[in-house]
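*Asks:* structure for the following, please:
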Amino acid sequence: MSLSLKQQIGQMLIAGFKGLEIEQDHSIVRDIIEYNISGVILYDEDVTDPNKRWCNIQTPEQTRQLINSLQDVGDNKLIISIDQEGGYVNRLKEKYGFPPCPSWSEIGSVNNIKKTKDFSETIAKTLKDTGFNLNIAPVVDVKTIGKSYIRKLGRCFHSDPKTIAEHASVFISAHKERGIATTLKHFPGLGSASADTHEGFADITDSWTEDELLPYKMLLDSLDVDLIMIGHCIHRDIDPDYPASMSTKTVNGLLRSELGFDGIVICDDPMMGAISKNYAFETAMEKIINAGVDLLCFGNNLVYDKDIVSKAVDTIYHLVEIGKISADRIIQSFNRIHVLKSKLR
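*Replies:* So this is what the prediction gives:
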């Protein structure tokens, strides 16, 4: 079945939504059927709610049933994604009935391959048993000295790029064995960033070093890397004008041309403050897609908008119509996403 341009654009989107279960009139059902989105991302807490009530995850069985009902909505297999790093970024918490999940930094402090393998296999098995097929992890940011936002939250594994790559490879392999895709993040490296891109710009120009590219180089040389996430950081020596996620020099230049990555590039949520507070929505969509990003993740858990998918599809379609994005650019991403989906179980 041939898809319309709008349906191909829809495949470039992953979206979050509210609800522990879905009914036929839910906005996410519309997004799957009408806009042909590629997949969804699930969260445990609704951060837009002052009381931090449930978003999508309450118990293992409830989450499994929610995922099954999502997969039953449309004709195409959905990407069911989650940020399951461990520690601070742990959506499948022990208090909900899932296995304990220490932070990536805790595992790094032990620096033992068997410990990393046990940790990775527990996460991968939990995701597989629950129905997830994409983990937006591992973090391969290099731990640096200083007030790093990522490091402060226990999300950096180690300060040695080789050690990071070695253990990230174990993490990725455990997931691949169960048909789950993984995502290296946050390119070109947020290990030295003192600011939080959820809130605004994080300028890494003076703190970043080329060593932060080494985990990517090593893993690209040794593995079939599924996805790489581009951060919203600014590195003015790489691109003086735009943050990494909107930068052709970063995505098509550094990552694709210099490092040779031809897999899926996903960007951090475009609704994060670094983008949404500084660029009009149409400008952001134009620059992000033309930079070479294939998959846009609208988590809908920072600022909730039940119509974000229709807004994104219509905006991108308009940009193609007026010649600011080429149809070939859409098709290129659509084809990459199709290849990824064929690998998922």
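
*Asks:* contact partners for Ser173?
*Replies:* Neighbouring residues of Ser173 by CB atoms under 8 Å, 6 or more residues apart in numbering: Ser120, Leu223. In short, each C-beta sits where N, CA and C put it, glycine included.

*Asks:* quick check: it vs Asp49, distance?
*Replies:* Ser173 sits 37 Å away from Asp49 when distances are taken as CB to CB, to the nearest Å.

*Asks:* any regions of the chain where pLDDT drops low?
*Replies:* 1, 145-149, 151-152, 195-200 (pLDDT under 70).

*Asks:* pull out the buried residues from the longest strand seen in it.
*Replies:* Ordering each strand of the chain by length in residues (DSSP state E) puts strand 181-187 first. Across strand 181-187, burial judged by 16 or more other CB atoms under 10 Å covers Ala181, Thr182, Thr183, Leu184, Lys185, His186, Phe187.

*Asks:* please compute how far that strand lies from its chain's middle.
*Replies:* 7 Å (CA atoms, centre = their mean, to the nearest Å).

*Asks:* show me the contact partners of that strand.
*Replies:* Residues from elsewhere that reach strand 181-187, judged by CB under 8 Å, 6+ apart: 79, 133-141, 150, 168, 171-172, 175-176, 215-216, 219, 225-231, 233, 244, 250, 255, 266, 268, 340, 343-344.

*Asks:* 7 Å instead, please
*Replies:* With contacts defined as CB atoms under 7 Å, 6 or more residues apart in numbering, strand 181-187 is touched by 133-141, 171-172, 175, 216, 219, 225-231, 244, 255, 266, 268, 340, 343-344.

*Asks:* pull out the buried members of those.
*Replies:* Using 16+ other CB under 10 Å, the buried ones in the contacts of strand 181-187 are 133-141, 171-172, 175, 216, 219, 225-231, 244, 255, 266, 268, 340, 344.

*Asks:* among those, which lie within helices?
*Replies:* Phe171, Ile172, His175, Tyr216, Leu219, Leu340 (DSSP state H).

*Asks:* now, which of those residues sits nearest Gly273?
*Replies:* Nearest to Gly273 among these, counting by CB to CB, is Tyr216 at 25.5 Å.

*Asks:* contacting residues for the closest one?
*Replies:* Counted by CB under 7 Å, 6+ apart, Tyr216 has contacts Val140, Leu184, Phe187, Leu259.

*Asks:* from Tyr279, how far out is the residue nearest in space to the middle of the chain?
*Replies:* Nearest residue to the geometric centre of the chain (CA atoms, centre = their mean): Ile136, 4.7 Å. Per CB to CB, Ile136 is found 23 Å from Tyr279.

*Asks:* for Glu85, same thing?
*Replies:* Taking CB to CB as the criterion, Glu85 is separated from Tyr279 by 27 Å.

*Asks:* more crowded one of those two?
*Replies:* Glu85 (25 against 18; other CB atoms under 10 Å).

*Asks:* now the more buried one, nearest residue through space, not along the chain?
*Replies:* What sits nearest to Glu85 in space, not counting adjacent residues and going by CB to CB, 6 or more residues apart in numbering, is Ala137, at 4.5 Å.

*Asks:* cool, Gly179 as well?
*Replies:* Arg345 (2.8 Å).

*Asks:* mind jotting down where the strands sit in the stretch 1-150 of the chain?
*Replies:* Along the stretch 1-150 of the chain, the stretches classed as strands by DSSP state E, counting those that start in this stretch are 13-15, 39-41, 79-82, 84-86, 89-90, 134-135.

*Asks:* any idea which of the ones you listed is most buried?
*Replies:* Comparing the strands of the stretch 1-150 of the chain by mean neighbour count (mean count of other CB atoms under 10 Å), strand 134-135 ranks first with a mean of 27.

*Asks:* residues making contact with it?
*Replies:* Ile79, Ile80, Ser81, Ile82, Gln84, Leu127, His175, Ile180, Ala181, Thr182, Thr183.
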